[in-house]
Each structure stands twice: as structure tokens, then as C-alpha cells.
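Asker: take a look and give me a structure for this.
(2 chains)
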Amino acid sequence: MSENQNQAAIEMRGVSVGTMRDVSFIVVEDANWTVAPGEFWVIAGQQHSGKSDFLMLTAGLMSPVKGSCRLFGRDTRIFGEAELAERLRVGFVFEGGHLFNHLTIRENVALPLQYHRNLSAGAAASEVQTLLKLMELTPLADITPANISGNWLQRAALARALALKPELLLLDNPLSWLDARHRQWWLRFLDQLGRGHNWLGGRPLTLAATTDDLRPWQNAQRKFALLHDKKFSPLGSWSDVEASKDPVVKELQAVPVEETM
Amino acid sequence: MRLCAFASLREKNLFDRLTAEFYAAGMRGNLAKAFELTNTQVFRRAALSKSYTDLLGRKLFLLLLTIQGLGAFALITLGVMLKKSGVARNVTGPRIRQEIVRAGVALLPMFLFIAAALGFLVIGQTVSALARVGATGYLGSTMVIVVVRELGPLLTAMLVLARVGTAHVIELGTARAMGEVEALEALGIDPVHYLIVPRVWGMMAGTFALTVYLIIGALGSGYLWAFLQDVPLTPGEYFKQLAEALNWLDFALLALKTLGFGFFIAIVTCYYGLAQPLRLEEVSRVAVRAVTQGVIVCILIDALFILLYLVT
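Answerer: Residues are numbered from 1 along each chain as shown, chains lettered A, B, ... in the order given. Okay, here's the model as predicted:
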């Protein structure tokens, strides 16, 4: 599938990020970041710190205002029809799902499979059914997104992003709409994906998620970074996060104010 | 992805190589974001003009930018229609059929009613008036000019614009505001191919078919109303006159005109729905603007065809 399995999944050099609506409004400056295959990164930041725009830029949905961003060695600035195969190595889960409201959950999950493999609904059915079962979405399969809760919407968005078996999965604040039970399910499932899930043929998935609450993500295997004040700063492992004296990092862990003093 | 082109543009003078880079960015990617140039927004946000000439200049410039945007969008859509005609047919095929039903079959009952009303309001009275002055010999050519060349296609275009075009702007505008376009791009699906092309085919087929039904229905019901008013004209004479007044050029130009109406209504409504970054509260305002411009475009196309009729 990939020409060089050891190539960095994500490589950013001196990247400045604008917003989707106004590229001249810079939200992140001079970001440098390298993600090796199989790593699991959590990017923390307060609301409106530019996490979503940063992640969309990472996915190649927009280009950097300055610097270069490479996905599997390919500059995202030239992502077009010819680079479709590279694009399909990346899955993206939007905050809130961004499902297609005119389609049912089943059709939403089936769409990438049908479109890229030119399959009829019947031909894609078995793969879609497997994914729906994995996400426990079978009872909601024939309902449109407007009629289900945010918890399930987010799972449907995950199913859609995994349909084409990507090598890199980017998740924009995936836990923000979820209750405690669903949050636990997500954390377990993402860890399974990171280790190698049957759906992906046992291949470990590279993951990067954004969050505005670090508490649920504490895990020694994950790597952390902070987006604050237009700066992207890799923090290291969870122990480094805990040891950090940065008040913003403390705030994102919801450490009481007196402990940070 | 394509926003990079515009990022660099923003740092320069807006008029500096704007056109070339805009088209290049659009044609390279074929995606809706090619139109996210905010130059029209810059002009819309500009302070009130100090004089009428300033105001006129600003309006003229906005008009040119809109024509540029619509033209580029039309070219890109045509490019995608040709280049990706065989791509993902299992997905686009059902969507095209769905759009044909929406812009054609679903409107048929309304058009049958309009055809009957048109026959009564216009044709019945025209037939009756011509009979009163003994000019029934001009009936065929009058009907062909009024119904086949002008009223039928234009009325169909206006009704399709009102019923389906408005829905396009609102659906696409809402989809855009809800992030569905970004979701399509994230899945590697070309939004123009998935969202616009089926609507264009549906609108073209629907407008053409409905115009034919409207003309046939109006001519038929027109004679019926004239017959009820005791106009001395047999059905055979009536249809013979119509057949003599029609020539191959009428059929060819009627097909071209209705397909043109369908294509441009779809382009204008989809352009306003999809090609501009929208917030939910902007959707209704944009829908009004799209319908107004759709009407203007239809009238301009109609005027072009009048010139063609006059020349030929």
C-alpha cells in the first residue's frame, strides 16, 4: 500500500495555519511536528485555539499559509485528483460527525465504499454491516442523522471514516459530545485501533486526536501536544504532561487552581 | 487544500493576476473551494460610496466578479461532467434519476394545471380574437411564436427555478454550513461530482421535458377553450396550421434553449448554495439572490435566442 512503511505519517515544518473561513486569520504559527507510523497523539488546547483548523490542515483539507505539511511523504499543497490514493490513506472524524443529512446512517457509512469502488448498495452491504455491528449501530442503521443523539452520530462518523481502512485517523475532539459510557467505549476502541484491529487486518493505526480536556486521555502509550497562543508545543508522554508547570496544561487537566499556585 | 492559492492572493493586490490564478486553482482541483475567493465579500463589505459614480462602479465591478465566478463554476462543472462521466456510476446514477424525478416527474401535475390555465388565459383568447377579425390564417405562426418559442420555455424555466432551484440553494447552503462539503472532501469525494452534476442533469432533463409537456398541453387546451367559444376552426385546420408554422429550427432551438435554461438555473443556484462559505443565517439571503440572478440569466438566454431566431 505505502511505498515506504517507515516514512513519517505526518511531517510539518514551519507551518502557519489560517482558518477554514478566512485563511488570512492565522491561528497557529511555525508549527513543527513529526508523527511516526503507529503513534497515538493527543493535541490539547482551549476552545478557539485553532485545533480543528490545525487538524483539517493536517488532513490536507486546506493548505498551510506558510511552511510545508507532508502526509506519508507527499506535500498536501499538491493534493488533488492525482493524489486521491494518498488522500484515502487518511480518515477524518469531524467534531459532531458532519454526517450527510439526506442519507441514513447505513448510507452514510456505505458512501465512501460505493463511491471509490463503484459498488451498488447491495455489493457494499456486508462490509457496511460489519462496521455497523462493530460500532453497535445496527438498530439505528436506517435512521437519518437528524433523529439520533450526538453519542451515536459520532460513532457513525467513526464508522464512515474507517470504511476505507485508512492508515492514519484524525479525530477532531471526538469525546466532546459523549456521555461517560460512550467515552469509555471510544477510548477502548481507539486503543484497539492503535494496537491493530481485525477490521484493519491487524495493522496498527496511526492516530491523532484533539481535545479540550486531557483527563480522559491519560495513558502512558499516548503522546501529547499543546496548542496555545498560536504555538504548537509537543509535551511528551502523560508523565511529562503531569509534570508540566504550564498553567494552561494544568487547566486542561482541570487541576484545581490552588494546586497550580 | 485549494485555499492555499487564495491565501497567497490575499497577501497581494486583489487585482494582481487574480483571474489567472483563480481559474487555475479551480480547474486544478475541480472542487467547490476554488470559489472561496472572498473578493466579492470585500466589495460587499466596503463602506458606502461617496458618490453615485462610485456606487455605480462598485456595482459594476460586483457584477463582473459574479459573472466571472459563475462562468468559472459553469466551466468546472462541465469539465467534471465530461471527465468523470464514468466515475462511481453506482452512486451518481441513482442520484441523477432522483434529480430527474424531482425536477421533472414530480412537477408534472403542476405543469398540467399550468398548461390548462395558459391555454385558457392566452391561447383561447388569442384564437377567439383572431377569429373575430377573420385572421385565423395567422393562428399557426402566432401560436408558434407565443407558445413554442417564448412563453412555454420561459414559463417552464421560471417555475422550475422557483420550485427546484430554491430548494437547491437551501439544501446546498445548509450542507455547506453544516460542514458536509468538508466531509465529502475528507472522504476523497469531489463535491462537484457528487452534489452538482446530478442536479445539473436533472434540471436539464426536467426543464426540457416539462417545456414539451407544457407546450403540448397549452396548445391542446387552448383549442379546447376556443372550441367552447364557438370559434369556426376544425381541429384538423388548427393542427395543420401549427404544423406548417413549425420548422426544424424551432425544434432544434427549443431543445437548445430549454437545456440551456436547465443548465444555467442549476449552475446559478448551485453556485450560490455551494461555492460560497456560508453560515446558516446567510442561507435565506443567498437563496433570494440566487433566484433573482436565475431570473436575470433566463431572460438573457431568452434574449440571445430571440437574436438567433431573428438572424435565422
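Asker: before we move on, which element is A:P112 in?
Answerer: With elements taken from DSSP states H and E, the one containing A:P112 is helix A:105-117.
Asker: and what of A:E11?
Answerer: Judged by DSSP H and E, A:E11 forms part of strand A:10-18.
Asker: next SSE after that strand?
Answerer: Per DSSP H and E, strand A:10-18 leads on to strand A:26-35 as the next helix or strand towards the C-terminus.
Asker: other SSEs contacting that next one?
Answerer: Counting contacts by 3 or more C-beta pairs under 8 Å, 6 or more residues apart in numbering or on different chains; DSSP states H and E, strand A:26-35 is packed against strand A:10-18, helix A:51-58, strand A:66-71, strand A:231-236. To be clear about C-beta, it is placed using only N, CA and C from the backbone, and glycine gets the same treatment.
Asker: out of those, which is the most enclosed?
Answerer: Among the helices and strands packed on strand A:26-35, ranked by average contacts under mean count of other C-beta atoms under 10 Å in any protein chain shown, first place goes to helix A:51-58 (a mean of 24).
Asker: do you know how far the nearest residue to A:P166 once chain neighbours are set aside is from B:A177?
Answerer: If the residues on either side of it in the chain are set aside, A:P166 comes closest to A:G91, at 3.5 Å by C-beta to C-beta, 6 or more residues apart in numbering or on different chains. When distances are taken as C-beta to C-beta, to the nearest Å, A:G91 and B:A177 turn out to be 23 Å apart.
Asker: swap in A:R70?
Answerer: Remark: distance between A:R70 and B:A177 (C-beta to C-beta) = 31 Å.
Asker: in whichever helix or strand B:L70 is part of, what counts as buried?
Answerer: B:L70 is located in helix B:52-83, with elements delineated by DSSP H and E. Residues B:L65, B:T66, B:Q68, B:G69, B:L70, B:A72, B:F73, B:A74, B:I76, B:T77, B:V80, B:M81 are the ones in helix B:52-83 that count as buried (16 or more other C-beta atoms under 10 Å in any protein chain shown).
Asker: surely the second one and B:Q293 touch.
Answerer: Meaning B:T66. Yes: the criterion here is C-beta atoms under 8 Å, and B:T66 meets it with B:Q293 at 7.3 Å.
Asker: following the helix holding B:L70 in sequence, what is the next regular element?
Answerer: By DSSP H and E, the next helix or strand past helix B:52-83 is helix B:89-103.
Asker: hey, where'd the helices end up in the stretch 101-250 of chain B?
Answerer: In the stretch 101-250 of chain B, the segments counted as helices under DSSP state H, counting those that start in this stretch are B:108-118, B:125-132, B:139-143, B:152-160, B:166-177, B:180-186, B:191, B:197-228, B:235-245, B:248-274.
Asker: that older thread, mean pLDDT and distance to chain B added to the helices and strands packed on strand A:26-35, as TSV?
Answerer: Below are the helices and strands packed on strand A:26-35 laid out as TSV (pLDDT from 0 to 100; distance: least, C-beta to the nearest C-beta, whole Å):
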stretch	mean pLDDT	distance to chain B
strand A:10-18	94	6
helix A:51-58	94	7
strand A:66-71	92	9
strand A:231-236	93	18
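Asker: before we move on, back to that, what about the helix holding B:L70, distance to the chain center?
Answerer: Centroid separation for helix B:52-83 versus its chain: 15 Å, with C-alpha atoms, centre = their mean, to the nearest Å.
Asker: cool, stretch A:53-63 as well?
Answerer: Between the centre of stretch A:53-63 and the centre of its host chain there is 11 Å, according to C-alpha atoms, centre = their mean.
Asker: could you tell me the end-to-end distance of it?
Answerer: Start and end residues of stretch A:53-63 are separated by 10 Å (C-alpha to C-alpha, to the nearest Å).
Asker: surely A:L158 touches A:F92?
Answerer: No: because the distance of 10.4 Å does not satisfy C-beta under 8 Å, A:L158 is recorded as not touching A:F92.
Asker: which residues are common contacts for the two?
Answerer: Contact with both A:L158 and A:F92 is made by residues A:L171, according to C-beta atoms under 8 Å, 6 or more residues apart in numbering or on different chains.
Asker: beta partners of A:C69?
Answerer: Counting by DSSP bridges, A:C69 forms beta bridges with A:M12.
Asker: hmm, back to that, when A:G91 and B:A177 are compared, which one has more neighbours?
Answerer: Neighbour tally, A:G91 and B:A177, criterion other C-beta atoms under 10 Å in any protein chain shown: the higher count belongs to A:G91, 26 against 17.
Asker: distance between the helix or strand hosting the more buried one and the chain's centre?
Answerer: Per DSSP H and E, A:G91 falls inside strand A:90-93. A distance of 6 Å separates the centroid of the chain from that of strand A:90-93, by C-alpha atoms, centre = their mean.
Asker: again, but for stretch B:190-202
Answerer: What separates the centre of stretch B:190-202 from the centre of its chain is 14 Å, taken as C-alpha atoms, centre = their mean.
Asker: name the residues that touch it?
Answerer: The contact list for stretch B:190-202, computed with C-beta under 8 Å, 6+ apart, reads A:81, A:115, B:30-32, B:76-77, B:80-81, B:84, B:87-88, B:91-92, B:95-96, B:98-104, B:168, B:172, B:175, B:181, B:184-185, B:262-263, B:266-267, B:270, B:274.
Asker: can you select the buried ones from the residues you listed in PyMOL?
Answerer: Command for PyMOL, covering only those of these found buried under the criterion 16+ other C-beta under 10 Å:
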select buried, (chain A and resi 115) or (chain B and resi 30+31+32+76+77+80+81+84+87+88+91+92+95+96+99+100+102+103+104+168+172+175+181+184+185+262+263+266+267+270+274)
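Asker: give me the neighbour count for B:A117.
Answerer: Counted with other C-beta under 10 Å, residues neighbouring B:A117 total 13.
Asker: and what of B:L300?
Answerer: By the criterion of other C-beta under 10 Å, B:L300 has 11 neighbours.
Asker: and the helix or strand in which it is found, what does it pack onto?
Answerer: With elements delineated by DSSP H and E, B:L300 resides in helix B:283-311, which encompasses its position. With contacts defined as 3+ C-beta pairs under 8 Å, 6+ apart, helix B:283-311 has these neighbours: helix B:152-160, helix B:166-177, helix B:248-274.
Asker: re earlier: what helices or strands is the strand holding A:E11 leaning on?
Answerer: Counting by 3+ C-beta pairs under 8 Å, 6+ apart, the elements that strand A:10-18 packs against turn out to be strand A:26-35, helix A:51-58, strand A:66-71.
Asker: same thing but at 10 Å, please
Answerer: strand A:26-35, helix A:51-58, strand A:66-71, strand A:231-236, helix B:3-11 (3 or more C-beta pairs under 10 Å, 6 or more residues apart in numbering or on different chains; DSSP states H and E).
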